[in-house]
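Participant: Based on what follows, work out the 3D shape:
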Amino acid sequence: NLSNSLSSTTGSVSSMLGSLDSSIENIANVTGSASSGLTGLQTALTNSAALLKESSEKLTAVATKISTDDSEGMAAVTNLLSEDSETISSFLSSPVKLDEKKIYPIENYGSAMTPFYSTLAIWVGAVVMAAMLKVTVADSTKKKLFHPKEYQLYIGRILLLIIIGFMQSALICLGDLFFLGIQCKHPVMFVLTGMFTSFVYVNLIFALASTFKHMGKALAVLLVILQIPGSSGTYPIEMMPEFFQRLHPLLPFSYSISAMRECIAGYYHHTYRSGLGKLLVFLLVALFIGLVLRPLLMNLNHLFDVRLAETDLMICETDSKGRDN
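Facilitator: Okay, the predicted model is just below:
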């Protein structure tokens, strides 16, 4: 059938060439007294006829080869058409076979998303603690102490939140391991990483809340909104808008998630230590805000609290000297 089709095609091309030659002669006769533009048209048609003639010769040669029973071309076509249709379709659909070697395999989607949601839960737990528990020491309590310094009050107060944060993070990570049954290559380090993450987050959020009061708590909520798309916890950061790509190195979520991924899928060079090391930078920032910047802003915070209490939007209890309790 293929041979007959090629022969028919060759006959059609030859017939078309004859018609084209006749057309060229007619155009040549008509254009004897016409402008040079028609002469150019005749030249173009002559060239087209030459190309079609060459194509006709090639088609004739192919038809001759295929029509010869003992030719190699006919044997190749016959072998191809005699193959199983399923084999041919399978080859055409996937001509290349991939040999996959998983270096750090993840068993399921839940295990892959565990670092992000665990980190998010630890941060939210720290924000809730800062909102529910007092971050300052009341004057009545200060009177019972022997001339405490501000940094002593700060550290003594934050210790309570740190202990609660340790329990929260341990519960979250142990729940991931034993209740959800996630994949984890290094379970002990996974729990310790969660507790270290909580330690850093509690220090950072407590510093913001105690230094900037209500504005600091609002800033902690704003940070979690920015960190959800900017920490590459759900999608690679390269797929996010440029704004979040620039923000990515400045977010603590980025390094907590990276360290937890190492515990789940396996260590890759120094990525785990690098993540925890960069997370320490945020701890230093939190200590600077809480121990250095906070005493300098105490008067400003008190003025803000007094003005806020006057608006009746929030209740602010003060002692007889107008100081915040």
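Participant: drop to CA atoms for contacts and neighbour counts, all remaining ones
Facilitator: OK.
Participant: Distance of residue 54 relative to residue 225?
Facilitator: For residue 54, the distance to residue 225 (C-alpha to C-alpha, to the nearest Å) stands at 70 Å.
Participant: for residue 270, same thing?
Facilitator: Taken as C-alpha to C-alpha, the span from residue 270 to residue 225 is 29 Å.
Participant: buried ones in stretch 123-140?
Facilitator: Buried residues in stretch 123-140, counting neighbours by 16 or more other C-alpha atoms under 10 Å, are found at 123-127, 129-130, 135-136.
Participant: Which stretches in the stretch 1-150 of the chain count as helices?
Facilitator: 2-30, 36-67, 72-82, 85-93, 109-132, 139-143, 150-174 (DSSP state H, counting those that start in this stretch).
Participant: Mind giving me the packing neighbours of the longest one?
Facilitator: Translated: helix 36-67. Contacts defined by 3 or more C-alpha pairs under 8 Å, 6 or more residues apart in numbering; DSSP states H and E place helix 36-67 against helix 2-30, helix 72-82.
Participant: Just give me how far that helix sits from the chain centre.
Facilitator: From the chain centre to the centre of helix 36-67 is a distance of 56 Å (C-alpha atoms, centre = their mean, to the nearest Å).
Participant: Give me the buried positions along it.
Facilitator: In helix 36-67, counting by 16+ other C-alpha under 10 Å, buried: 38, 42, 45-46, 49, 52-53, 56, 59-60, 62-67.
Participant: give the contact list for residue 233.
Facilitator: Residue 233 is in contact with 113, 115-116, 254, 257, counting by C-alpha atoms under 8 Å, 6 or more residues apart in numbering.
Participant: how about a cut-off of 10 Å?
Facilitator: Neighbouring residues of residue 233 by C-alpha atoms under 10 Å, 6 or more residues apart in numbering: 112-117, 119-120, 227, 253-254, 256-258.
Participant: Quick check: the farthest pair among the residues you listed?
Facilitator: The span of the contacts of residue 233, defined through C-alpha to C-alpha, is set by 112 and 227 at 17.6 Å.
Participant: what ranges of this protein fall below the confidence cut-off?
Facilitator: For the chain, residues meeting the criterion pLDDT under 70 lie at 1-14, 16-37, 66-84, 299-325.
Participant: For it, give the helix that spans the most residues.
Facilitator: Counting by DSSP state H, the longest helix found in the chain is helix 187-230.
Participant: roughly how far is that one from the heart of the chain?
Facilitator: Taking C-alpha atoms, centre = their mean, one finds helix 187-230 lying 22 Å from the centre of the chain it belongs to.
Participant: packing partners for that helix?
Facilitator: Secondary-structure packing of helix 187-230 (3 or more C-alpha pairs under 10 Å, 6 or more residues apart in numbering; DSSP states H and E): helix 109-132, helix 150-174, helix 242-247, helix 252-265, helix 271-288, helix 294-296, helix 298-310.
Participant: Which among these is found nearest to residue 101?
Facilitator: Of the helices and strands packed on helix 187-230, nearest to residue 101 by C-alpha to C-alpha is helix 252-265, at 14.6 Å.
Participant: which parts of the closest one are buried?
Facilitator: By neighbour count on 16+ other C-alpha under 10 Å, the buried set for helix 252-265 is 252-265.
Participant: Alright, that wraps it up for me.
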